[in-house]
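In: let me see the structure of the following:
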Amino acid sequence: MALYRFRITFEDYDDVLREIDVKSNQTFEDLHRAIHQSTGYNPEYPSSFYISNDQWIKGEEITYMPNQKRIDRGVALMDKVKLLSYIDDPHQKFYYTFNFDRPFDFHVELMKIILDETPGTSYPAVIKSVGEAPKQFGNVVTPTAAPAASDDFDFLNEMSYGEEDAEDFTEIADTDEIGEEDKTTAVEDEEEDEFGSEFSDDEGFEDDSKLSHGDDY
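Out: As a prediction, this is how the structure comes out:
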């Protein structure tokens, strides 16, 4: 039985590749599972191979765990289609998308056709592995707790002022304090004038009263 040797590379991770030998009469599902045996991913997610040209343009689709739309379109299923059915080029290419919800895209290229199996080997067989596959669902980011807010509001730090700027604020504050003192003195003087004038009127009023009482008697 002939073997197909495929080179599988991530579209977005050039330093990661796998080479896998698969029997020509095995299915696309066998290749799908072999790829994720080599990456360490859980293969039980909707995925598809696409017949591709040299520019990796997607053509006919062969799918795994199809949604209703693909079922309605009659897309071929991986477990029903043998690899030899779509190999008509010694460098046949397949574009492969794994897990449509959080996808990884791969380039799958036929490197050679081997006529004899290796005795005692179970196929599909990973024969070359370079680079560590990225995490299946990415890195989990744990948010850090925000520092507790201080009860004291540091005006200078909050406004990003330096010590030199702080001196300017001190001068302004001193000027304001002087202004407040002047205002306070002025208010007190006004109050004294008001009370002084009232007392002056009262004294005059008392003198007039005394005179008028003298006339009555």
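
In: low pLDDT regions in this protein?
Out: 138-217 (pLDDT under 70).

In: residue boundaries of the helices in it?
Out: Assigned by DSSP state H, the helices in the chain fall at 28-39, 68-73, 155-158, 163-216.

In: for stretch 62-71, how far is the first residue from the last?
Out: Across its full length, stretch 62-71 reaches 11 Å end to end, with C-alpha to C-alpha, to the nearest Å as the criterion.

In: can you list contacts of that stretch?
Out: Contact partners of stretch 62-71, identified using C-beta atoms under 8 Å, 6 or more residues apart in numbering, comprise 28-29, 32, 44-51, 61, 75-79, 81, 86. C-beta here means a position set from N, CA and C on the backbone, and glycine is covered the same way.

In: which among the residues you listed count as buried?
Out: 28-29, 32, 45-51, 61, 76-78, 81, 86 (16 or more other C-beta atoms under 10 Å).

In: break this protein into its domains for me.
Out: With automatic domain parsing as the criterion, the domains of the chain are listed as 3-130, 155-216.

In: hang on, isn't F6 packed against H107?
Out: No: F6 lies out of contact with H107 (C-beta atoms under 8 Å); the separation is 10.0 Å.

In: neighbour-wise, which of those two wins?
Out: Set side by side, F6 and H107 show more neighbours around F6, with 25 against 17, by other C-beta atoms under 10 Å.

In: residues touching the more buried one, list them.
Out: Here F6 is in contact with E19, I20, D21, V22, L31, V108, E109, L110, M111 (criterion: C-beta under 8 Å, 6+ apart).

In: hmm, the second one is touching T121, no?
Out: No: the pair I20 and T121 fails to qualify as a contact (C-beta under 8 Å) at a distance of 11.9 Å.

In: looking at the two, which one has more neighbours?
Out: Between I20 and T121, counting by other C-beta under 10 Å, I20 is the more crowded of the two (25 against 11).

In: any idea how far the more buried one lies from I62?
Out: Distance of I20 to I62, computed by C-beta to C-beta, to the nearest Å: 17 Å.

In: count of residues packed around Q37?
Out: 15.

In: next, the buried residues of the longest strand along the chain.
Out: The longest strand of the chain (DSSP state E) is strand 104-114. Of all the residues in strand 104-114, those buried under the rule 16+ other C-beta under 10 Å are F104, F106, H107, V108, E109, L110.

In: which strand residues bridge the closest residue to the second one other than its chain neighbours?
Out: Just to be clear, that refers to F106. Distances taken as C-beta to C-beta, 6 or more residues apart in numbering put Y96 closest to F106, at 4.2 Å, once the chain neighbours are dropped. Beta bridges link Y96 to F49, F106, judged by DSSP bridges.

In: which residues touch Y96?
Out: Taking C-beta under 8 Å, 6+ apart, we find Y96 in contact with I8, H32, I35, S47, S48, F49, Y50, D105, F106, H107, V108.

In: surely the second one meets L77?
Out: Just to be clear, that refers to H32. No: contact criterion C-beta under 8 Å: H32 and L77 do not qualify, at 11.1 Å.

In: related to what we said a few turns ago, can I get the contacts of F6 in CSV including distance to F137?
Out: Output for the contacts of F6, formatted as CSV (distance: C-beta to C-beta, whole Å):
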residue, distance to F137
E19, 25
I20, 23
D21, 29
V22, 27
L31, 22
V108, 22
E109, 27
L110, 30
M111, 30
